[in-house]
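K.L.:
Whatever this is, show me its structure:
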Amino acid sequence: METSIVLIGLAIALIVAIPVYFSARSNAASKSKILDIKKRFNPAHPENFDLTESQSNKTLTIDQKNKKFILMNFNPNQQESIFVDLNTISSCKLIPTTDSHSDTIIKIDFEFQEKDTSKKITIPFYDFDDDRIKQISVYQDHMFAKKWLKIIQDSISR
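P.N.:
Down below sits the predicted model:
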């Protein structure tokens, strides 16, 4: 009787421990990747990026004091990191693109306008073609983008 209880306990411990181990390992790799990207854009002080959030293979980080912003896309189809110096930006807005036959959002972009040249810089944030869950994460990504739009606008206006 005692042996069976020990074996069942060990089996339950393994069932719980293995996913936790792999999740922690993946999380550490992601944090390392994010830190490497921050170091690439601010080698002396990567810790200055004081606000960092991740959702749906995207990580956004901002240095509110020095007005620097990085959007990191870890989508398997399109891994990229885009740096924007908010000191050179006069405004930022979200540009949602909808399907021509419905109100379905198929793309969301951040659009930055430069102060000096009035040139517009468009940074892709959400693309329906890259969305694995289709239309479930678009709402979450749209709310996430709106939240970050406010953070970026507040940083620009300081």
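K.L.:
any weak-confidence spans in this protein?
P.N.:
Applying pLDDT under 70 to the chain picks out residues 1, 24-29, 129-136.
K.L.:
90 instead?
P.N.:
1-59, 63-67, 72-82, 84-90, 95-109, 115-119, 121, 123-145, 154-158 (pLDDT under 90).
K.L.:
For Lys58, grab the count of nearby residues.
P.N.:
Lys58: 18 surrounding residues under other CB atoms under 10 Å. Quick note: C-beta positions are derived from backbone N, CA and C, even for glycine.
K.L.:
What lies in contact with the helix or strand where Phe112 lies?
P.N.:
Applying DSSP states H and E as the criterion places Phe112 in strand 105-114. Here strand 105-114 makes contact (CB atoms under 8 Å, 6 or more residues apart in numbering) with 71, 84, 88-99, 119-128, 138, 141-142, 145, 149, 152.
K.L.:
switch to 7 Å and redo it
P.N.:
84, 88-99, 120-128, 138, 141-142, 145 (CB atoms under 7 Å, 6 or more residues apart in numbering).
K.L.:
ok and the next helix or strand after that strand relative to strand 105-114, angle-wise?
P.N.:
Using DSSP H and E, the helix or strand that follows strand 105-114 in sequence is strand 120-127. Direction vectors for strand 120-127 and strand 105-114, defined by axes from the mean of the first three to the mean of the last three CA atoms, to 10 degrees, enclose an angle of 150 degrees.
K.L.:
I'd like to know which elements strand 120-127 is packed against.
P.N.:
With contacts taken as 3 or more CB pairs under 7 Å, 6 or more residues apart in numbering; DSSP states H and E, strand 120-127 sits against strand 105-114, helix 137-157.
K.L.:
ok, Thr98 touching Thr104?
P.N.:
Yes. If you go by CB atoms under 7 Å, Thr98 and Thr104 touch, sitting 6.2 Å apart.
K.L.:
Among the helices and strands packed on strand 120-127, show me which one is buried the most.
P.N.:
strand 105-114 (a mean of 18; mean count of other CB atoms under 10 Å).
K.L.:
Need the three-state assignment for Leu10.
P.N.:
Following DSSP: H, G, I helix; E, B strand; the rest coil, we place Leu10 in the helix state.
K.L.:
And for Asn66?
P.N.:
Asn66 - assigned by three-state DSSP - is coil.
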